[in-house]
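1. Predicted coordinates and the sequence they were generated for:
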Amino acid sequence: MIVFRDPSEVPADFGRTVVAIGKFDGVHVGHRAVIERMREAAAAAGARTVAVTFDRNPLEILRPELCPENVVATERKLDLLGELDIDATLLLTFDRTLASLEAEDFVRRILVDALKVTTVLVGRDFRFGRGGAGTPESLRELGSQHDFTVEVVDDVHPEGADRRVSSTWIRELLAHGDVTAAAGALGRPVTVSGEVVHGLKRGRELGFPTANLSESVDALIPADGVYAGWLDDHDTGIRHPAAISVGTNPTFDDVERRQVEAHVLDAGDLDLYGHRVTVEFTDHLRGMVAFDGMGTLIAQIAADVAEARARLGLTA
């Protein structure tokens, strides 16, 4: 997948395109439905596929006090879009200049002049242009003027769910530690990736060494608690079963920031310092609590490890 970071980077001979526009935060199953329909429309038209998205949530500029955390970081979003077999992504810098662009100018400069669009796909809640004045209906009107069509892709409702898939809902699920439902809405497991760094080595002292992820990770971290899951080592390509802790270690009350720590099962001497890893959360085991003594804490960790093994389908 080609990544354009400005409309001027799109070659003049790139060809006609079918475009899907959105924030694509999380690249969840709703976004994937839009991308899938884009691929179908492009195949029928003999055109190329382009996702148009932004380098940040527009609220970061427009209403920073209301701006939520991203489900995934921008570079991770590009990676996820790249897995969907599309030709290119145009990553627009959302700043005051773009925010002030009138809806008609957005269409003309970006969709018509740069991308030579033939079909545009958006969700029902899509808004664009200065003050969010542009809607799917006004986009259709502009399409009739500039020779492109507009398709509005229906919301996706998972079976048994009473609401549509959205980045907002996924944030809520993660905030409650419901990684199973969040994975269903995302269409993939809940993961965070980062570098393994040195911690306080308290897990090793307790007999359960952990790989501590750096503060900088590529996705929204689930709620504080203990999880079963996996640790994928990018350096070796090895996938390890793990019991995972998220939080500030309230028993000791000396950790200033939330940490993701993964205890790799049956590999106590594993050295992962400096490795790039992905931690995958499969099951929420319990919330994070403070214990009244080391013995109680160690016993609970041992129980957590046993439960993680069982949830992962590992033999005792």
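-> Ah, there it is.
2. For residue 88, which non-adjacent residue is spatially closest?
-> By the measure of Cβ to Cβ, 6 or more residues apart in numbering, the closest residue to residue 88 outside its immediate chain neighbours is residue 2, 4.1 Å from it. Backbone N, C-alpha and C define where each C-beta goes, glycine included.
3. what's the neighbour count on the one you found?
-> 15 (other Cβ atoms under 10 Å).
4. Return the distance of it relative to residue 26.
-> Applying Cβ to Cβ, to the nearest Å, the value for residue 2 to residue 26 is 22 Å.
5. re the thing from before, pull the contacting residues for the residue nearest to residue 88.
-> Residue 2 makes contacts with 87-89, as judged by Cβ atoms under 8 Å, 6 or more residues apart in numbering.
6. now those as a markdown table including secondary structure, neighbour count and pLDDT?
-> Rendered in a markdown table, the data for the contacts of residue 2 read as follows (DSSP: H, G, I helix; E, B strand; the rest coil; neighbours: other Cβ atoms under 10 Å; pLDDT from 0 to 100):
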| residue | secondary structure | neighbour count | pLDDT |
| --- | --- | --- | --- |
| 87 | coil | 17 | 98 |
| 88 | strand | 22 | 98 |
| 89 | strand | 23 | 98 |
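7. can you redo the residues you listed as JSON lines with distance to residue 133?
-> Rendered in JSON lines, the data for these read as follows (distance: Cβ to Cβ, whole Å):
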{"residue": "87", "distance to residue 133": "30"}
{"residue": "88", "distance to residue 133": "27"}
{"residue": "89", "distance to residue 133": "25"}
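8. Closest to residue 71 out of these?
-> residue 89 (16.8 Å; Cβ to Cβ).
9. Surely that closest one touches residue 79?
-> No: taking contacts as Cβ atoms under 8 Å, residue 89 lies outside contact range of residue 79: 10.4 Å.
10. list residues touching both of these two?
-> Common neighbours of residue 89 and residue 79 are not found (criterion: Cβ under 8 Å, 6+ apart).
11. what's the average pLDDT for the helix or strand hosting residue 307?
-> When secondary structure is defined using DSSP states H and E, the element that contains residue 307 is helix 294-311. Helix 294-311 carries an average pLDDT of 88.
12. same for that helix, what does it pack against?
-> strand 225-233, strand 239-247, strand 276-286 (3 or more Cβ pairs under 8 Å, 6 or more residues apart in numbering; DSSP states H and E).
13. Okay, buried residues for that helix please.
-> Using 16 or more other Cβ atoms under 10 Å as the burial criterion, the residues of helix 294-311 that qualify are 297, 301, 304-305, 307-309, 311.
14. For those residues, work out which two are farthest apart.
-> So for the buried residues of helix 294-311, where distance means Cβ to Cβ, the most widely separated pair is 297 and 311, at 20.7 Å.
15. So residue 278 is in contact with residue 234, correct?
-> Yes: the pair residue 278 / residue 234 is scored as a contact, 7.0 Å apart, by Cβ under 8 Å.
16. who's more crowded, those two?
-> Shown here are residue 278 and residue 234; by other Cβ under 10 Å, residue 278 has more neighbours (20 against 12).
17. OK, contacts around the more buried one?
-> Shown in contact with residue 278 (Cβ under 8 Å, 6+ apart): 191-193, 231-232, 234.
18. same question, residue 235
-> In this structure, residue 235 makes contact with 275-276, judged by Cβ under 8 Å, 6+ apart.
19. can you do 10 Å?
-> Each residue near residue 235 by Cβ atoms under 10 Å, 6 or more residues apart in numbering is listed here: 196, 272, 274-277.
20. So, low pLDDT: which residues of the stretch 151-300 of the chain?
-> By pLDDT under 70, the weakly predicted segments of the stretch 151-300 of the chain are 199-207, 250-256, 268, 291-293.
21. all strands of it, in order?
-> Assigned by DSSP state E, counting those that start in this stretch, the stretch 151-300 of the chain shows strands spanning 190-197, 211-213, 225-233, 239-247, 259-264, 276-286.
22. Tell me how the chain divides into domains.
-> 2-153, 190-311 (automatic domain parsing).
23. Just send those back as JSON lines, with distance to residue 184 too.
-> Shown next, in JSON lines, are the domains of the chain (distance: least, Cβ to Cβ, whole Å):
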{"stretch": "domain 2-153", "distance to residue 184": "8"}
{"stretch": "domain 190-311", "distance to residue 184": "10"}
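24. Compare these and give me the one nearest residue 160.
-> In this view, these are compared for proximity to residue 160 by Cβ to Cβ, and domain 2-153 is the closest at 14.0 Å.
25. Chain neighbours aside, what residue packs nearest to residue 280?
-> According to Cβ to Cβ, 6+ apart, the nearest residue to residue 280 is residue 230 (4.4 Å).
26. Export the helices and strands packed on helix 294-311 as a markdown table, with columns for distance to residue 140.
-> Conversion of the helices and strands packed on helix 294-311 to a markdown table gives the following (distance: least, Cβ to Cβ, whole Å):
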| stretch | distance to residue 140 |
| --- | --- |
| strand 225-233 | 44 |
| strand 239-247 | 45 |
| strand 276-286 | 41 |
